[in-house]
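pasted the sequence and its predicted model underneath.
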Amino acid sequence: MKPALALLLTAIGLPTLAAGLPACVQPVRFTAAWLTDPQFDHSKSAAELDALAGAARGPGTQLGHVVVKTQLSVEPQTTCNGLTVRLDFVQPVLRIAREMPAGSCSHALVMAHEQTHVRIHQEIARQFRALTYPWPDRLGSDAVLKYARQQLTRLMDAQRQFDSPQEYARGRTACAGEIPRLITPAQAASRTP
């Protein structure tokens, strides 16, 4: 399922370069925290996951999703005249709809899909760390933060690409049709007054 992502930008009092320090070999460094194992939640129904996903919702019913808030900050480097851009992952949560019984084929399939989203986030962090700021003569915090935001958006597109029609079709036919059998009765029950 599509991960619901929130992008929080921390740019309170954007830092300025420190006078008197030597120039940094790398004027802008990109760092990223390691994505910790997400908290697991199996308490919500597929309908509740649909509501939580909102506009980020993919096609069909949400069987699971990974929610990871990201936070960007720009800070002055402490040993030289440059900036550090930091990507943090805040409150990662992996949810699987409670209609998928623990230990079932459907639960394992949805878990594997959502764990792939977690691995994609880890790869995004690795790629973020490898970024190079292309305009060393424009080291203002606003410009650096704008560039970091654009690059993070570009990297996050990997999540959308993973949620392909083929990936969703695989879920509908895997486990001998278990998922449609579990979800259809639950959907009907949620529509009954």
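Good, I have the coordinates. Nothing here was measured: the structure is a model prediction, and the numbers come from that model. Numbers count the residues shown, from 1 in each chain.

is the residue nearest the centre of the chain in a helix, a strand, or coil?
Centroid check for the chain by Cα atoms, centre = their mean gives residue 68 as the closest residue, at 4.6 Å. Taken by DSSP: H, G, I helix; E, B strand; the rest coil, the conformation at residue 68 corresponds to strand.

then stretch 84-104 to CSV, C-alphas only?
C-alpha atoms of stretch 84-104 as CSV (Å, rounded to 0.1, in the frame of the first residue of the first chain):
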residue,chain,number,x,y,z
THR,A,84,24.9,20.1,7.1
VAL,A,85,21.5,18.9,5.9
ARG,A,86,20.0,16.2,8.1
LEU,A,87,17.2,13.9,7.3
ASP,A,88,15.4,12.3,10.2
PHE,A,89,12.7,9.7,10.2
VAL,A,90,10.1,10.3,12.9
GLN,A,91,7.6,7.8,14.4
PRO,A,92,7.7,5.0,11.8
VAL,A,93,4.6,2.8,12.0
LEU,A,94,3.8,-0.3,9.9
ARG,A,95,0.1,-1.2,9.9
ILE,A,96,-1.6,-4.3,8.6
ALA,A,97,-5.4,-4.5,8.5
ARG,A,98,-6.8,-6.6,11.2
GLU,A,99,-8.8,-8.6,8.6
MET,A,100,-5.4,-10.3,7.8
PRO,A,101,-5.1,-12.9,10.5
ALA,A,102,-1.6,-13.2,12.0
GLY,A,103,0.1,-16.3,10.7
SER,A,104,-2.0,-16.4,7.5
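
make 11 the first number, not 1, from now on.
Sure thing, new numbering starts at 11, so read that last one as stretch 94-114.

average pLDDT for that stretch?
The average of the pLDDT scores along stretch 94-114 is 94.

so after the longest helix belonging to the chain, what's the next helix or strand?
When the chain is parsed with DSSP state H, its longest helix is helix 115-139. Going down the chain from helix 115-139, the next helix or strand is helix 151-172, by DSSP states H and E.

what about the closest residue to the residue nearest to the centre of the chain other than its chain neighbours, which helix or strand?
Once flanking residues are discounted, residue 78 sits nearest to residue 102: 4.6 Å by Cβ to Cβ, 6 or more residues apart in numbering. All C-beta atoms are positioned from the backbone trio N, CA, C, and that covers glycine. For residue 102, the enclosing helix or strand under DSSP H and E is strand 91-106.

what's the angle from that strand to helix 151-172?
Angle of strand 91-106 versus helix 151-172, following axes from the mean of the first three to the mean of the last three Cα atoms, to 10 degrees, is 30 degrees.
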